[in-house]
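1. any chance you can model this:
(4 chains)
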There are 2 protein chains.
Amino acid sequence: MEKEKQGISLKISNLKVTSQRMAVLEALSSLKNHPTVDKIKEYVAKNHPNIAVGTIYKTLETFVDKGLVKKVKTEKDVMRYDPILEKHHHLYCEKSEHIEDFFYDELNNMLEEYFKKKRIPNFKVNDVKLQIIGTFKNKKV
Amino acid sequence: MEKEKQGISLKISNLKVTSQRMAVLEALSSLKNHPTVDKIKEYVAKNHPNIAVGTIYKTLETFVDKGLVKKVKTEKDVMRYDPILEKHHHLYCEKSEHIEDFFYDELNNMLEEYFKKKRIPNFKVNDVKLQIIGTFKNKKV
DNA sequence: ATAATTGCAAAAGCTTTGCATGGCC
DNA sequence: GGCCATGCAAAGCTTTTGCAATTAT
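-> Coordinates of the predicted model:
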């Protein structure tokens, strides 16, 4: 059961299990497309009409601190959240707000190799993220 | 003379040459580190005490439209501006707001090759940006 | 002349904060 | 019971907008 897993992941992170946190976790896993706070609020409000936006912000910030979600940046200025922790990159649509995940180990390995060989003076590389920008074809995004 | 070039680049873009626009261009080329609007305002204000923030925003937006600068987004939610148009990537410091440019044709070629061979289903790649995240060594950033 | 640009100030997001209340452990 | 999390509302920022006055061409 999904809820159980979510409760466990809160406990592991030393967070109290509250219905709001559970609801935000559920929203994150249901809303596929790197939701904004607004989308999350909308989703959560279905079963939680009284949840405060502040709570959602605080909750998400807590999750980021604990490493349960990551922030995704776009050229626009609204923060979006990504619940997937495996290493992956993002495809950004030039024409819409759509963001899609892109997993490809081969690419990760290639980059890792590259930065292992080619050192950057005075800089220690910890992570490399790709923003792959373009357009989606034949798809309602 | 630098000013002349800047005036010309405005004319080429079909923009009227105003002292405010010249000042913003100068700020962009002097402030190396991908300045925020605030930094730009600060710089411009030295010789232009009366410039309005709104004007700076409008000016920058115009420049972005004309392709004279690009927006750079960080995990924090303040927009920053990059006057360098050549293809390049960014080094992000994990510990500060410092952003540095990273030029490396070899890497660009490698990525270009990669995405030429490895097609992504339903997606046309137009640009690939790297966010290289880590820490600067022996350096006051 | 006239169309574009600017300054000013108000407004519009998005996000954070403080504090009293309420709920987990 | 103690402490952490929540709701609420206000405040803080960054950014946008409308409009009259100004300026470049």
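2. now the spatially most central residue of chain A: how far from residue A:72?
-> The centroid of chain A falls nearest to residue A:82 when counting by Cα atoms, centre = their mean (0.7 Å). Applying Cβ to Cβ, to the nearest Å, the value for residue A:82 to residue A:72 is 5 Å. C-betas here are computed from N, CA, C, even on glycine.
3. now list whatever residues contact both of the two.
-> residue A:34 (Cβ atoms under 8 Å, 6 or more residues apart in numbering or on different chains).
4. sorry, back to before: give me the phi and psi angles of the residue nearest to the centre of chain A.
-> phi -130, psi 120 (degrees, to the nearest 10).
5. contacts only, for it.
-> Taking Cβ under 8 Å, 6+ apart as the test, what residue A:82 contacts is A:34, A:69-72.
6. touching DNA strand C at all, the worst-scoring helix or strand of chain A on mean pLDDT?
-> Least confident helix or strand, chain A: strand A:80-82 with a mean of 83, by mean pLDDT, DSSP states H and E. No: using Cβ under 7 Å from any atom of the strand, we find that strand A:80-82 stays clear of DNA strand C, coming within 8.1 Å at best.
7. next helix or strand past that strand?
-> Following strand A:80-82 in sequence order, the next helix or strand is strand A:89-93 (DSSP states H and E).
8. what's the pLDDT at the residue of chain A most remote from its centre?
-> Here chain A reaches farthest from its C-alpha mean at residue A:121, the gap being 30.8 Å by Cα atoms, centre = their mean. Per-residue pLDDT puts residue A:121 at 87.
9. got it, and residue A:78?
-> pLDDT, read off for residue A:78, is 68.
10. what do you get for residue A:75?
-> Residue A:75 is assigned 65 on the pLDDT scale.
11. which strand in chain A runs the most residues?
-> strand A:123-136 (DSSP state E).
12. and that one, which strands flank it?
-> Looking at strand A:123-136 with DSSP bridges, its partner strands are strand A:89-93 (parallel), strand B:123-136 (antiparallel).
13. can you list those in a markdown table and add mean neighbour count?
-> Below are the strands paired with strand A:123-136 laid out as a markdown table (neighbours: other Cβ atoms under 10 Å in any protein chain shown):
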| stretch | mean neighbour count |
| --- | --- |
| strand A:89-93 | 19 |
| strand B:123-136 | 17 |
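14. what would these look like in TSV with distance to DNA strand C?
-> Formatted as TSV, these follow (distance: least, Cβ to the nearest atom of the strand, whole Å):
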stretch	distance to DNA strand C
strand A:89-93	17
strand B:123-136	18
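15. can you give the contact residues for stretch A:113-124?
-> A:125, A:128, B:91, B:100, B:102, B:104, B:106-107, B:110, B:132, B:134-139.
16. most widely separated two among the residues you listed?
-> Taking Cβ to Cβ as the measure, the contacts of stretch A:113-124 span a maximum distance of 28.3 Å, between B:110 and B:138.
17. looking at these two, which is more packed in?
-> A count of neighbours by other Cβ atoms under 10 Å in any protein chain shown puts residue B:110 above the other of residue B:110 and residue B:138, at 14 against 6.
18. which ones are touching the more buried one?
-> A:110, A:114.
19. which secondary structure element is home to it?
-> Assigned by DSSP H and E, residue B:110 falls in helix B:105-117.
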